[in-house]
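1. kindly return the folded structure for what I paste below:
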Amino acid sequence: MDALHTAGIRFAEALQAGPPWLEKFWISVTSLADPKCVFTICFPLAYFLDRKVGVSVLWIGLVSEWLNVVLKWFLFGERPFWWVHESGLASKEQVVLRQFPVSCETGPGSPSGHCMITGAALWPLVTALTALASARSRSLVLKLTPFVAYALLLLAVGLSRVFILAHFPHQVVSGILAGAALGWRLQAHTPATRGFFVATALALLLGTLTLHSLVITTGIDIDWSIRLATKRCSNPDWLRFDTRPFASICRDAASALGLGLAASPPLKQLTPRQRLASAVLALVVIQGLHQVLHPADVTLWYVTNFLKYAIGPWLVTSLLPRLILTLTRPWGSPHTE
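-> Sure, this is the predicted structure:
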């Protein structure tokens, strides 16, 4: 593995030695592909395009993120920003690398969560857009455009993760392959009942706590990556609670709970214009929700974060569509899909 890691470090060096203007591009790509965006951006947009697709995006996103956390706990993947120092490579050879505010993630590194979760969650959206293109045109180019865009996006995400020293290339490749496979496999198995989502939320939360306790009981240091990240991050302010594995579990369980508790959706009553207004309002409200209340205490942060992600699906599927329906009803008569 040392040879594979060393090759990855050299590849990261080559990327960072590229044109300076690319730095902002790679950082923007890795930020936009953050798994949080599946819940706060991709889900609302997909939901108002098609309810089934939106629910599928959220469902596959939370399942793939939970699986990613479990895989990381058992694969013990290193991250370049700490491995280059812990391995002694930086003291033996000349290594020219920089860290960035998004570099210091605290969970283990394998497989890449950005690639795996984004790749899985976007699969139903890509297939829906492909079906839409196929229904409207016989052009092969138009039909392939969604999947070409999907592949290029994952390639860019993977390169961005290597650039910022969050992952080695082999972790990126495994994340992309696992994500595409999960998206393809889970798309046809999206639950339709609210009770199932509530049960899933409890199972994810309790199952993870049980697994965490069992692993600790066996003597495995499951929090080793947090200590290494804290030790090797060049700026303590770059360490974030939301990169911890348990933060992902809270997000997944909360989103499932929020979707399960949401009232019956009024989506079929919305006109295309009202759907667009609902999507825009949902993006604004959810982004605002996640900009407030960031407690310094870790326990309070987890509780606050859980509540935010539980509220999100309820806002998207129930409250905001009803609000738009009420405010815009005079614009035109609602129709049935």
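
2. all helices for the stretch 51-200 of the chain, in order.
-> Counting by DSSP state H, counting those that start in this stretch, the stretch 51-200 of the chain has helices at residues 51-75, 80-86, 89-92, 113-136, 140-163, 169-186, 194-217.

3. and the residue nearest the centre of this structure?
-> residue 35 (1.3 Å; Cα atoms, centre = their mean).

4. confidence score at residue 294?
-> According to the model's per-residue confidence, residue 294 sits at a pLDDT of 85.

5. and residue 237, by the same measure?
-> The pLDDT attached to residue 237 in the predicted structure is 92.

6. any idea how far the nearest residue to it once chain neighbours are set aside is from residue 224?
-> Counting by Cβ to Cβ, 6 or more residues apart in numbering, the nearest residue to residue 237 once its immediate chain neighbours are dropped is residue 101, at 8.0 Å. Glycine gets a C-beta too; all of them are placed from N, C-alpha and C. Distance, residue 101 to residue 224, using Cβ to Cβ, to the nearest Å: 23 Å.

7. now swap in residue 181 and tell me
-> Applying Cβ to Cβ to residue 181 and residue 224 gives a distance of 28 Å.

8. then residue 48?
-> From residue 48 across to residue 224, the span is 42 Å (Cβ to Cβ).

9. buried residues in stretch 255-275, which are they?
-> When burial is assessed from 16 or more other Cβ atoms under 10 Å, stretch 255-275 yields the following buried residues: 255-262, 265-267, 270-271, 274-275.

10. which elements pack onto the one helix or strand residue 37 maps to?
-> With the criterion set as DSSP states H and E, the secondary-structure element containing residue 37 is helix 35-37. If contacts are counted by 3 or more Cβ pairs under 8 Å, 6 or more residues apart in numbering; DSSP states H and E, helix 35-37 sits against helix 113-136, helix 245-261.

11. want to try CSV for those, with mean pLDDT as columns?
-> Putting the helices and strands packed on helix 35-37 into CSV (pLDDT from 0 to 100) gives the following:
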stretch, mean pLDDT
helix 113-136, 92
helix 245-261, 92
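
12. about what we covered before: which one's more surrounded, residue 181 and residue 224?
-> When residue 181 and residue 224 are compared for neighbours, residue 181 comes out ahead with 15 against 11, by other Cβ atoms under 10 Å.

13. residue 297 - how many residues pack around it?
-> The local packing of residue 297 (other Cβ under 10 Å) involves 9 other residues.

14. gap between it and residue 63?
-> As defined by Cβ to Cβ, residue 297 lies at a distance of 30 Å from residue 63.

15. quick one: least confident helix or strand in this protein?
-> When the helices and strands of the chain are scored by mean pLDDT, DSSP states H and E, helix 320-328 comes last with a mean of 84.

16. return that helix as PDB; C-alpha atoms alone will do.
-> Once non-C-alpha atoms are left out, helix 320-328 reads as follows in PDB (Å, rounded to 0.1, in the frame of the first residue of the first chain):
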ATOM      1  CA  LEU A 320     -43.500  24.900   1.200                       C
ATOM      2  CA  PRO A 321     -45.600  23.400  -1.600                       C
ATOM      3  CA  ARG A 322     -48.700  24.200   0.400                       C
ATOM      4  CA  LEU A 323     -47.500  27.700   1.000                       C
ATOM      5  CA  ILE A 324     -46.800  28.300  -2.700                       C
ATOM      6  CA  LEU A 325     -50.200  26.700  -3.600                       C
ATOM      7  CA  THR A 326     -51.900  29.100  -1.200                       C
ATOM      8  CA  LEU A 327     -50.000  32.200  -2.300                       C
ATOM      9  CA  THR A 328     -50.200  31.600  -6.100                       C
END
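
17. for that helix, packing partners?
-> helix 272-289.

18. what residues sit buried inside the helix it packs on?
-> Going by neighbour count (16+ other Cβ under 10 Å), the buried part of helix 272-289 is 274-275, 277-279, 281-283, 285-286, 289.

19. ok, stretch 216-227 next?
-> Neighbour-count burial for stretch 216-227, counted by 16+ other Cβ under 10 Å, picks out 222-223, 225-226.

20. all set, thanks.
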